[in-house]
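>>> show me the folded form of this:
(chains A and B)
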Amino acid sequence: MAQVFIASCPVCGAEINLTDPVVREVVECSDCGTELEVVEINNDKIVLAEAELEGEDWGQ
Amino acid sequence: MIEAAIIGISGYTGGELARLLLIHPEAEITYASSRTHNGKLIGSVHPHLRKLLNLRIQSFNPEKISDSCNFVFFATPHGVSQTMIPQLMDRGLKIIDLSADFRLKNLNTYVHYYGRHTCPELVKKAVYGLPEIHKEEIKKAEIVACPGCMASASILPLAPLISEKVIDLEKIVVDAKIGSSGSGVKPSRSTHHPERANVIRPYKVAKHRHTAEIEQELSLLAEADVKVSFSAHAVDTVRGILATIHSFPLREVTEKELWRIYRKFYGQEPFIRIIKRREGLYSLPDPKTLIGSNFCDIGFEIDEHVGRVVLVSALDNLVKGAAGQAIQNMNLVAGLDETTGLFFPGLFPV
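Here you go, the predicted model:
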């Protein structure tokens, strides 16, 4: 049976539902769009952190 | 069933009202008037509506309007509806005015920005038609005064931070860009193609008249005087407004706190979307994604370097900035779900 976890986005605080997450999986927050990495799963608790990404800086 | 009259149908907001009412499941256009196109079919003035609306434009006639309508939209230039609305009062009609005539509660302020007002007694009856701020009053209103397009784009992003007393009320700078349809259908040298094409023109960098209603509404929310520095620019698009707003928090704020504030204020509002992503072309609001829709997108960014919160809002000036918002108000007055006939995502790409 699928296990559903509820986590909080560390950037915007949105509630994120994850089904059968695995450590190092990258998910997107539906509100702020931040790519988040599952860094820890402990029983019914899940820890998310911002995944690394390249930023934009246009202009001269 | 809503039977609607559109007074001033020949302009862009009149045409947009006709387009949106045409696809509204609970409304029908039964009367249309214009000073300049008497006798013509609506489709001959608005080519996108050809063969869809078999209705002739007539001159303004209060008797005919009250016989055939229960809602009357005014898409007339400023100064016109105040001369016509008194002729429609006490006939059981609901009035939705898209002009500025009934927006400002302070008569002196109105006179300062727009000139003489001929029926100040009706101003008290009018409700400022920004549904996200005045929903309950709009439901009971006899006259709804729809906000200006750039006022909507300014008030909506600022309202949550003002309500929560997060930002300095005397240091608010709004830099708004608007497409050519915002200047209306009447041609002038400034709207002539060689002058208007490829333009990024500051056209009212101080004393813009929308400043008055922005300050009026934000002061009500703040329960204190709010001062707004507003500057407008004409850009080379047909539709759309982008407002970049510089505000200065009174204390340290975090991104997560701002998300909480905006979710609390707009979480239940169907036409407000908080758009703030870390990456990508459309990480902040962009009017390009909103053309034809009734959404107002709002985003923010904290600039710790100077202690600034930058707000960004975008909308289609003819829809959420005018006709769409007017129909949202009509829905509320009529007791309908406010999204009825309006839940149209923007055209993309345009």
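>>> contacting residues for whatever residue of the stretch 251-350 of chain B ends up closest to chain A?
Relative to chain A, the nearest point of the stretch 251-350 of chain B is B:Arg277 (3.3 Å; Cβ to the nearest Cβ). Quick note: C-beta positions are derived from backbone N, CA and C, even for glycine. Residues in contact with B:Arg277 (Cβ atoms under 8 Å, 6 or more residues apart in numbering or on different chains) are A:Cys32, A:Gly33, A:Thr34, B:Ser283, B:Leu284.
>>> give me the beta-bridge partners of A:Leu18?
A:Phe5 (DSSP bridges).
>>> out of the contacts of B:Arg277, flag the one nearest to B:Gly148.
Of all the contacts of B:Arg277, B:Gly148 sits closest to B:Leu284, with 22.7 Å by Cβ to Cβ.
>>> surely the closest one meets B:Ile275?
Yes: the pair formed by B:Leu284 and B:Ile275 meets the contact definition of Cβ atoms under 8 Å, at 6.3 Å.
>>> shared neighbours, those two?
Counting by Cβ under 8 Å, 6+ apart, the shared contacts of B:Leu284 and B:Ile275 are B:Gly299.
>>> now the residue in the stretch 51-200 of chain B positioned nearest to chain A. Nearest residue, chain neighbours left out?
In the stretch 51-200 of chain B, the residue that lies nearest chain A is B:Pro160 (14.6 Å; Cβ to the nearest Cβ). Once flanking residues are discounted, B:Pro160 sits nearest to B:Phe265: 3.8 Å by Cβ to Cβ, 6 or more residues apart in numbering or on different chains.
>>> quick one: the one you found is in a helix?
Yes: B:Phe265 forms part of a helix when assessed by DSSP: H, G, I helix; E, B strand; the rest coil.
>>> tell me the contacts of it?
Here B:Phe265 is in contact with B:Ala159, B:Pro160, B:Ser163 (Cβ under 8 Å, 6+ apart).
>>> cool, B:Val199 as well?
B:Val199 touches B:Ala234, B:Val235, B:Asp236, counting by Cβ under 8 Å, 6+ apart.
>>> one more: B:Glu170?
B:Val226, B:Lys227.
>>> tell me the phi and psi of B:His246?
The phi and psi values for B:His246, taken as degrees, to the nearest 10, are phi -100, psi 120.
>>> which residues does the closest residue to it other than its chain neighbours contact?
Counting by Cβ to Cβ, 6+ apart, B:His246 lies nearest to B:Val173, which is 4.2 Å off, once chain neighbours are set aside. Applying Cβ under 8 Å, 6+ apart, we find B:Val173 in contact with B:Val228, B:Ser229, B:Ser231, B:Ile245, B:His246, B:Ser247.
>>> which of those are buried?
B:Val228, B:Ser231, B:Ile245, B:His246, B:Ser247 (16 or more other Cβ atoms under 10 Å in any protein chain shown).
>>> can you tell me which helix or strand the residue sitting nearest the centre point of chain A belongs to?
Residue closest to the average C-alpha location in chain A (Cα atoms, centre = their mean): A:Leu36, at 3.0 Å. Under the criterion of DSSP states H and E, A:Leu36 resides in strand A:35-42.
>>> so for the next helix or strand after that strand, what gets flagged as buried?
Using DSSP H and E, the helix or strand that follows strand A:35-42 in sequence is strand A:45-50. Buried residues in strand A:45-50, counted by 16+ other Cβ under 10 Å: A:Ile46, A:Leu48.
>>> and if you look at stretch A:11-26?
Applying 16+ other Cβ under 10 Å to stretch A:11-26 flags A:Val11, A:Cys12, A:Gly13, A:Ala14, A:Ile16, A:Leu18, A:Pro21 as buried.
>>> now do the SS call for the fifth one.
Look at A:Ile16: counting by three-state DSSP, its state is strand.
>>> could you find the closest non-adjacent residue to it?
Nearest one to A:Ile16, counting by Cβ to Cβ, 6+ apart, is A:Ala7 at 4.9 Å.
>>> ok, back up a step: doesn't the residue nearest to B:His246 lie inside a helix?
No: going by three-state DSSP, the assignment for B:Val173 is strand, not a helix.
>>> what residues are up against B:Thr36?
By Cβ under 8 Å, 6+ apart, the neighbours of B:Thr36 are B:Ser10.
>>> model confidence for it, exactly?
The score at B:Thr36 is 89. That number is its pLDDT.
>>> correct me, but A:His30 touches A:Ile16?
I think there's a mix-up here, since residue A:30 is Ser and not His. Yes: contact between A:Ser30 and A:Ile16 holds when scored by Cβ under 8 Å: they sit 7.2 Å apart.
>>> of all the buried ones among the contacts of B:Val173, which two lie farthest apart?
Among the buried ones among the contacts of B:Val173, B:Ser231 and B:Ser247 lie farthest apart (Cβ to Cβ), at 14.8 Å.
>>> kindly report the residues of chain B close to chain A.
B:Glu255, B:Lys256, B:Trp259, B:Arg260, B:Ile274, B:Lys276, B:Arg277, B:Arg278, B:Glu279, B:Gly280, B:Ser283 (Cβ under 8 Å from any Cβ of the partner chain).
>>> so which of those residues is the most crowded?
Counting neighbours by other Cβ atoms under 10 Å in any protein chain shown, the top entry in the residues of chain B next to chain A is B:Lys276, with 23 neighbours.
>>> hang on, it is in a helix, isn't it?
No: applying three-state DSSP, one finds B:Lys276 to be coil, outside a helix.
>>> residues contacting it?
A:Cys12, A:Cys32, A:Gly33, B:Trp259, B:Ser283, B:Leu284, B:Gly299, B:Phe300, B:Glu301.
>>> from those, which land in helices?
Among the contacts of B:Lys276, the members falling in helices (DSSP state H) are B:Trp259.
>>> adding pLDDT, write the contacts of B:Lys276 out as JSON lines.
Below are those laid out as JSON lines (pLDDT from 0 to 100):
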{"residue": "A:Cys12", "pLDDT": "95"}
{"residue": "A:Cys32", "pLDDT": "93"}
{"residue": "A:Gly33", "pLDDT": "91"}
{"residue": "B:Trp259", "pLDDT": "97"}
{"residue": "B:Ser283", "pLDDT": "93"}
{"residue": "B:Leu284", "pLDDT": "97"}
{"residue": "B:Gly299", "pLDDT": "98"}
{"residue": "B:Phe300", "pLDDT": "98"}
{"residue": "B:Glu301", "pLDDT": "97"}
